[in-house]
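Prediction below, plus the sequence it came from.
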2 protein chains.
Amino acid sequence: MDTFDAIRSRRNVRSYAPDGLEAVDLEVILEAGRRSPSSMNQQAWDFVVVTEPDRLRDLAEVWRYAAHVATSAATIALVAPASTDPDERETCQFDLGQVAMSMMLAAADRGIGSCHAAIGEQALARELLGVPADRECMWLLAFGRPADRPLAPIAAPSRRPFGDVVHRERW
Amino acid sequence: MDTFDAIRSRRNVRSYAPDGLEAVDLEVILEAGRRSPSSMNQQAWDFVVVTEPDRLRDLAEVWRYAAHVATSAATIALVAPASTDPDERETCQFDLGQVAMSMMLAAADRGIGSCHAAIGEQALARELLGVPADRECMWLLAFGRPADRPLAPIAAPSRRPFGDVVHRERW
């Protein structure tokens, strides 16, 4: 798919078709994340990819809005150092945002929907995924083919108007 | 360009060809950013796009590693609410990371290089861009056609090995 079509087609998908993803789909999504830029090229991230139905169901319990994880074809946990330094945490979150977007666009390109979930129960996420004590599970990204309709460019997304967001030369 | 090719072609470009960008290039890059997902669809961002050479030169002074901004064809400042709440700031940074990646991939798709810069001198950035006191200039993204060689998929990027980053089912 053309890149701008993928950008315009990506939407939050929380209901997934029952068929799983092909191995190559997951490899491309993970590779897109691995290639993301990061501050000082630190790549302070690890990805735990979960596809086993039982584990996905358990993982859906880490946040009250993570129910869609249970029925996803795959969910990728974005894991980062468990820092207490505010600057480090902010930089890490920016970098993870870049990872997430790379993964979601690589998925959209292949017709695969995605949806984030935050982590409410950190201890549970860590236990389920075997994440070391010096790391923190920051986000989940659920993936799967949409149950409703295929991804296609969205003409009028629910976003602030262009002219409201964009300032020319000066605010 | 195919999405995965754009993902594999994006690289930090700090030296730009002297020709500017076409208006449509900038519109597509800004539109990609505007469409990004955000926590609760808050879209807590504004984009200030700078193309005037004098202003770009001034803007390059906001950080010691922002020299490339001076010769970029356009630089987009990502502006967000000036929050002191750590959770709000982290969420905002994650969302801005998604914006940045969307913009950079839309650019790469059109053969346009990009490079981030952080903001060291917040007061100077605010003054140059006319950013209100309740907002903060979080990042600059510089864009331009590469001076060295066209963007093309990178076979072996400088990244941690796939098998080191990716964990299957459990860490």
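Sure thing, it's come through.

Phi, psi for the nearest residue to A:A117 once chain neighbours are set aside please.
The spatially closest residue to A:A117, leaving aside those adjacent along the chain, is A:A66, at 3.8 Å (CB to CB, 6 or more residues apart in numbering or on different chains). Bear in mind the C-beta positions are built from the backbone N, C-alpha and C, glycine included. In this entry, A:A66 is assigned phi and psi values of phi -110, psi 20 (degrees, to the nearest 10).

Hmm, A:L141 and A:A66 touching each other?
No - under the criterion of CB atoms under 8 Å, A:A66 makes no contact with A:L141, lying 11.0 Å away.

intersection of neighbour lists for the two?
By CB atoms under 8 Å, 6 or more residues apart in numbering or on different chains, A:A66 and A:L141 have these common neighbours: A:A117.

Can you get me a residue count around the residue nearest to A:A117?
By the criterion of other CB atoms under 10 Å in any protein chain shown, A:A66 has 23 neighbours.

now A:V165
Counted with other CB under 10 Å, A:V165 comes out at 17.

Could you do A:W139 as well?
Neighbours around A:W139, by other CB under 10 Å: 19.

Can you verify it is assigned to a helix?
No - applying DSSP: H, G, I helix; E, B strand; the rest coil, one finds A:W139 to be strand, outside a helix.

so the residue in chain A that chain B sits nearest to, which of the three states?
When scored by CB to the nearest CB, chain A has A:G97 as its residue closest to chain B, at 2.1 Å. Using three-state DSSP, the structure places A:G97 in helix.

Could I get the contacting residues of it?
Contacts of A:G97 (CB under 8 Å, 6+ apart): B:93-101.

again, 10 Å this time
Residues near A:G97 by CB atoms under 10 Å, 6 or more residues apart in numbering or on different chains: A:36, A:78, A:139, B:36-38, B:91-102.

Model confidence score at the closest residue to it other than its chain neighbours, please.
Excluding the flanking residues, the one nearest A:G97 by CB to CB, 6+ apart is B:G97, at 2.1 Å. We have a pLDDT of 98 for B:G97.

Number of residues surrounding the nearest residue to A:D95 once chain neighbours are set aside?
What sits nearest to A:D95 in space, not counting adjacent residues and going by CB to CB, 6+ apart, is A:S38, at 4.1 Å. Using other CB under 10 Å, A:S38 has 19 other residues around it.

so how far does stretch A:31-48 reach from one end to the other?
13 Å (CA to CA, to the nearest Å).

buried sites along that stretch?
Within stretch A:31-48, the residues that qualify as buried are A:31-39, A:43-48, counting by 16 or more other CB atoms under 10 Å in any protein chain shown.

From those residues, which land in helices?
A:31-34 (DSSP state H).

Can you narrow those down to the ones near chain B?
A:31-34 (CB under 10 Å from any CB of the partner chain).

re the thing from before, so how far is B:S38 from the residue of chain A closest to chain B?
9 Å (CB to CB, to the nearest Å).

If we ignore the residues flanking it in sequence, what's nearest the residue nearest the centre of chain A?
For chain A, A:L141 is the residue whose C-alpha lies nearest the centre (CA atoms, centre = their mean; 3.2 Å). Using CB to CB, 6+ apart and skipping the chain neighbours, the partner closest in space to A:L141 is A:I76 (4.8 Å).

Tabulate the ones next to chain B among the ones in helices among the buried residues of stretch A:31-48 in JSON lines, adding columns for pLDDT.
Formatted as JSON lines, these follow (pLDDT from 0 to 100):
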{"residue": "A:E31", "pLDDT": "98"}
{"residue": "A:A32", "pLDDT": "98"}
{"residue": "A:G33", "pLDDT": "98"}
{"residue": "A:R34", "pLDDT": "98"}
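
Next up, phi/psi of A:D25, please.
Torsion angles, degrees, to the nearest 10, at A:D25: phi -60, psi -50.

Pretty sure it sits against A:R110.
Yes - when contacts are counted by CB atoms under 10 Å, A:D25 is listed as touching A:R110 (5.5 Å).

which neighbours do the two share?
A:143, A:145.

For A:A106, give me its contacts.
A:6, A:25, A:27-33, A:35, A:112, A:114, A:143, B:3-4, B:6-7, B:105.

which of these count as buried?
The buried subset of those - by 16+ other CB under 10 Å - is A:6, A:25, A:28-33, A:35, A:112, A:114, A:143, B:3-4, B:6-7, B:105.

overlap in contacts of A:G97 and B:S38?
B:91-92, B:94-96, B:98-99.

quick one: which two of those residues are the most distant?
B:T91 and B:V99 (12.9 Å; CB to CB).
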